[in-house]
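Visitor: below is the sequence, then the predicted model.
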Amino acid sequence: MMVMRGLLVCVVAVAAVLAAPQVHAMLGDEHLTPGFLQKRLKNGEWDLEQIPREFFQQPKTVAADGAATLVPTPAQLCSKNDSIKVSWTGVASPGWHDWIGIYIPETSADHDYIDWFYAHTDPGYMSGSGAFEFPVVNMRQNFQFRYFQNGYHLVATSATVDVCSDIPMHTHLAMSDKPNSMRVNWVSDSNNTVPQVLYGTSSGSYDKRATGTSRTYTAADMCNAPANITSSQLFRDPGFTHDVLMTGLEPGVKYYYKVGLSGGRQSEEFSFTMAPKPSPTAPVRFAAFGDMGAGVLIPEATSTARSLAEHGWVYDFVLHFGDLSYARSHGYVWEFFGNIIEPIASTHPYMVSIGNHEYDHVAGGEHDPSGANGPAGWHPSWGNLGADSHGECARPVHERFHMPDNGNGVFWYSFDYGSVHVIQFSSEHDWTQGSRQFNWIVNDLKNVDRSKTPWVVVTSHRPMYTSQNYTSDYIVSEHMQTELEETWYKYGVDIFLTGHYHSYERTCAVYKQKCVGQQNGGVTNIVVGTAGAGMEDAGWFDKPWSECHYLEYGWGLVDVSTSSSGLSTLTWKYILNKDGSVQDEVTLKKNINQYLNKNN
C-alpha cells in the first residue's frame, strides 16, 4: 500500500556556512520587472488571474494621438545589462490597466513584446505622468517602449534605445578532454574576424594568444514548433557563439584572460585557476544542482546565482545537470540565462548536461543534434518523456556550450578533476542495457584509474531514487534502478547527483532499495533540483532508504580531502540560498591506500 508521510527536515546545526564577499553588481537586489516574466504559475503557464484577457489577443493597434511622451534614459545601452528609466508625461485619462511594453527589436509588432509593466507601478500614475526603472539585458538589438491603454490603444512610443551589439557576453569556461587546457565560449553579434583569447599569469599582462571558431543556429535547426517560429518572443537571432581552447596551462596556476574578436571589442578581464593534476590526494570542491531557470523569468534563480557568486571562492567548478534556462522555445530566455551565470561561469568551469526541458521533443528528429535514432528521440513505453523542450531538442544548449569530446558532446561525457572522476550522462536518451549510451558509461567506468581518482561521481537529470509522489516519474526511476544500479554497484560509484524534482532529497547508501552502507557498495543518491524552478510539494512515499527531504531553494557543495594517512573524505553539504546555512550534511569515507597498494 502507498503511504504518505510528512516532510522530513534534515537540519544541521550550522550557522552561515561561509562569509559572503561583495557580490557581482548584476546580482544585487534590483527590483524585478512586474510584467509577464513574473506572472506565471509554477508549471510555467500564464497566470490568467493577473493578466487582462485582451493581452493574449493580436488586435489591430489604435494609433497614438501624439499628446503623450515616453522617454527612456539613458538612450544607449553599452553594457551587458542595465536599468533603463522609463518616464511618461501627458497621458490623458490614465487607467489602472494602462501598460508599457518593451520591444526588442524596435520593429516588433505590438503584440510581440518581450515584457511589460503596468503604469500604476508608479503611485502617481493618475496624474498622467510617472517613471519606472526597468532592468534590461543586452540582446544585441535596439529596442523601444510603447504605452497602451484599453488593450492596444497606442498612447506613446519612445525613441529607440541604441545598443552596443559587439560586446562579448555570456562568457563561460569548460573543462576539456585535452590535457593542460581550458575551453572558453562567449557570444557576440558577429563572426567577421577570428575569435581570440588573450591570457597570462599576471593581471593585465597576456603573453599567450589562442584562436578558435564561431558558430550559430537558425530557426530551421530546431526540431519543431513553436521553437522554429521566428518572432521576438520565440526564435530570435542568437548571435554567434565563439569557441576557443586555451592550451599550455599549468596545473593549479591562476590565469587572467580576455575574450573578443581579433581587431574588435575585447571583454573585461576574467580569471580562473587551472585544475590540479589527477591525484588521489588532491583536494576538490565543486557546486552541484539542477533545475535553475533564468533571472526575472524565475526569480528564485537569481537567489541561486547570487549565492553561488557570493561563495565562488569555495568551489573549483560547477555541475549543472539539466533544466538550465527553462527557455522552452522562448529564445530570449537563453539571453537571460547566459547573462545571469556569467559571473560564475567566467571564473569556474561550468559543466552542463541536458534535462527534459532542453531536449524532449516529439517531431523533427532529423534536426536532433545528439544523433538519436528515430523521428523524435527516445520515448520508451513506460516513460513520460514528452515534448518538454517545446521543439528546441537541445539545439541551443548544444551550440552555446562545448563540453569534453570523449562522449557525445553536451549529452554525455566525463572528466577528471584532482581526485574525482565525474560522469554526466543524459536521462533523456536511451540508457537501458545494450544501448549506445549504456555501453559508453560502462566503458568509461571500466577505465577509471582509482589510483589517481579514487572518487567517482555520476550525474543525470532524472533520479534513480526518489520518494516524491509523482507516479510517472517514479516509474522511470524504478526502470533506472533495473537498468543501471548493478553497474553503479559493480564499478563502485560513490554518489549519484540528480535533479528533475524541484525539491531536495538524500538517500542512505542504498543498493536494491536497502540501506547497505557505503562499505558494502551502497550509493548515496541525492536529488537537488532546487536552483530556481518552482518547488513541488506533492507529498512523499514512505521509503526506508530516504534519509530526508526538504523544500527550500539552494545548491550542493562537495568537498573532498585526504589526510596523510590515506583517509579520504567526501562531504556533501546542502546550502540554502536565503542565508548560506547548511541544511543537510553527510560524509563518505574511504582509505585510498587500497587503490595505491594494488599498483605497487
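Guide: Thanks, I have the structure now.
Visitor: tell me the phi and psi of the residue lying closest to residue 386 once chain neighbours are set aside?
Guide: By the measure of C-beta to C-beta, 6 or more residues apart in numbering, the closest residue to residue 386 outside its immediate chain neighbours is residue 360, 5.6 Å from it. From N, CA and C alone the C-beta is placed, and that goes for glycine too. When read as degrees, to the nearest 10, the backbone of residue 360 gives phi -60, psi 130.
Visitor: quick one: residue 360 and residue 377 touch, right?
Guide: Yes. Between residue 360 and residue 377 there is a contact under C-beta atoms under 8 Å: 6.7 Å.
Visitor: quick one: low-confidence parts of the stretch 451-600 of the chain?
Guide: 599-600 (pLDDT under 70).
Visitor: 80 - rerun?
Guide: Across the stretch 451-600 of the chain, the ranges flagged by pLDDT under 80 are 597-600.
Visitor: which residue ranges form the helices in it?
Guide: Listed in chain order, the helices of the stretch 451-600 of the chain (DSSP state H, counting those that start in this stretch) span residues 471-491, 593-596.
Visitor: give me the buried positions along the longest one.
Guide: Same thing as helix 471-491. 473, 476-477, 480-481, 483-485, 487-489, 491 (16 or more other C-beta atoms under 10 Å).
Visitor: now distance to residue 543 too, for these, in TSV please.
Guide: Output for these, formatted as TSV (distance: C-beta to C-beta, whole Å):
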residue	distance to residue 543
473	14
476	16
477	11
480	15
481	12
483	20
484	18
485	15
487	22
488	18
489	19
491	25
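Visitor: ok, so of these, who is nearest residue 134?
Guide: Looking at those and their distance to residue 134, the nearest is residue 473, at 38.2 Å (C-beta to C-beta).
Visitor: so the closest one sits against residue 498, correct?
Guide: No. At 11.1 Å, residue 473 and residue 498 do not qualify as touching, with contact defined as C-beta under 8 Å.
Visitor: what score does residue 228 have for pLDDT?
Guide: The per-residue pLDDT reported for residue 228 equals 97.
Visitor: and it, helix, strand or coil?
Guide: coil (DSSP: H, G, I helix; E, B strand; the rest coil).
Visitor: same check on the one 10 residues further on?
Guide: Of the three states, residue 238 takes coil according to three-state DSSP.
Visitor: gap between it and residue 144?
Guide: 21 Å (C-beta to C-beta, to the nearest Å).
Visitor: same question for residue 467.
Guide: Per C-beta to C-beta, residue 467 is found 51 Å from residue 144.
Visitor: excluding sequence neighbours, find me the nearest residue to residue 536.
Guide: With C-beta to C-beta, 6+ apart as the criterion, residue 536 has its nearest non-adjacent residue at 4.3 Å, and that residue is residue 502.
Visitor: actually, residue 307.
Guide: residue 577 is the one closest to residue 307 (C-beta to C-beta, 6+ apart), at 4.6 Å.
Visitor: which stretches of this structure aren't confidently modelled?
Guide: Low-confidence segments of the chain (pLDDT under 80): 1-66, 295-297, 597-600.
Visitor: quick one on the thing from earlier: and residue 467 and residue 144? Which one has more around it.
Guide: Under the criterion of other C-beta atoms under 10 Å, the comparison of residue 467 against residue 144 puts residue 467 first, with 24 against 19.
Visitor: for that one, phi and psi?
Guide: The phi/psi pair for residue 467 (degrees, to the nearest 10) is phi -110, psi 10.
Visitor: switch to numbering from 31
Guide: From this message on, residue numbering opens at 31, which makes the last subject residue 497.
Visitor: that one and residue 578 touch, don't they?
Guide: No. If you go by C-beta under 8 Å, residue 497 and residue 578 don't touch, sitting 10.3 Å apart.
Visitor: setting aside sequence neighbours, what's the nearest residue to residue 208?
Guide: Leaving aside its chain neighbours, residue 208 sits nearest to residue 275 (6.6 Å; criterion: C-beta to C-beta, 6+ apart).
Visitor: mind telling me what element that neighbour is part of?
Guide: Element membership for residue 275, per DSSP states H and E: strand 270-276.
Visitor: what does that strand contact?
Guide: Defining contact as C-beta atoms under 8 Å, 6 or more residues apart in numbering, one finds that strand 270-276 is touched by 198, 206, 208, 211-221, 225-227, 229, 238, 240-246, 285, 287, 289, 291, 429-430, 432.
Visitor: filter these down to just the ones in strands.
Guide: Among these, the members found in strands (DSSP state E) are 212-218, 225-227, 229, 238, 240-241, 243-245, 285, 287, 289, 291.
Visitor: quick check on these: which are buried?
Guide: Among the ones in strands among the contacts of strand 270-276, those classed as buried by 16+ other C-beta under 10 Å are 212-218, 225-227, 229, 240, 244, 285, 287, 289, 291.
Visitor: shared neighbours, residue 503 and residue 528?
Guide: Both residue 503 and residue 528 are contacted by residue 492, under the criterion C-beta under 8 Å, 6+ apart.
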